[in-house]
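Asker: quick one: sequence and predicted model below, then my questions.
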Amino acid sequence: MTRKKSTSAFEESMEELEKLVELMEQGDISLEESLKAFERGIKLTRTCQQALQEAEQKVHILLEKNGQQTLEPFNNE
């Protein structure tokens, strides 16, 4: 996945998560709908956490090579 696609996927996930939180905070949805929204929110949260961890790894790779900024291949497993 390219960086632009990854970034927009992250941003889209965050936007959807924010909308779900707002919807649930309003309290105007049924218990069943709340549970579905919660489940979707958990999935979005995990997706966002993974994207942030990958970004953190990339930054770490760039900064930890003998104090010099060097590019290293990133293993995206």
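Answerer: Received, thanks. Here the structure is a predicted model, which means the values were calculated and not measured.
Asker: measure Pro73 to Leu20 for me?
Answerer: The gap separating Pro73 from Leu20 is 36 Å, by Cβ to Cβ, to the nearest Å. Where you see a C-beta, it was placed from the backbone N, CA and C, and this is true even at glycine.
Asker: higher neighbour count, the two?
Answerer: The neighbour count for Pro73 versus Leu20, taken as other Cβ atoms under 10 Å, is higher for Leu20 (19 against 6).
Asker: elements contacting the helix or strand hosting that one?
Answerer: Using DSSP states H and E, Leu20 maps to helix 3-26. Identification of packing neighbours for helix 3-26 by 3 or more Cβ pairs under 8 Å, 6 or more residues apart in numbering; DSSP states H and E yields helix 31-63.
Asker: quick one: buried residues of the helix or strand bottoming out on mean pLDDT in the chain?
Answerer: Lowest by mean pLDDT, DSSP states H and E among the helices and strands of the chain is helix 3-26, with a mean of 86. Of all the residues in helix 3-26, those buried under the rule 16 or more other Cβ atoms under 10 Å are 10, 13, 17, 20.
Asker: list the contacts for the spatially most central residue of the chain?
Answerer: Centroid check for the chain by Cα atoms, centre = their mean gives Cys48 as the closest residue, at 1.2 Å. Counting by Cβ atoms under 8 Å, 6 or more residues apart in numbering, Cys48 makes contact with 10, 13-14, 17.
Asker: now do stretch 21-32: distance to the chain's middle.
Answerer: Centroid displacement of stretch 21-32 relative to its chain, using Cα atoms, centre = their mean, to the nearest Å, is 22 Å.
Asker: other residues contacting that stretch?
Answerer: Stretch 21-32 has contacts (Cβ under 8 Å, 6+ apart) with 34, 37-38, 41.
Asker: try it again with 6 Å
Answerer: With Cβ atoms under 6 Å, 6 or more residues apart in numbering as the test, stretch 21-32 has contacts from 34, 37.
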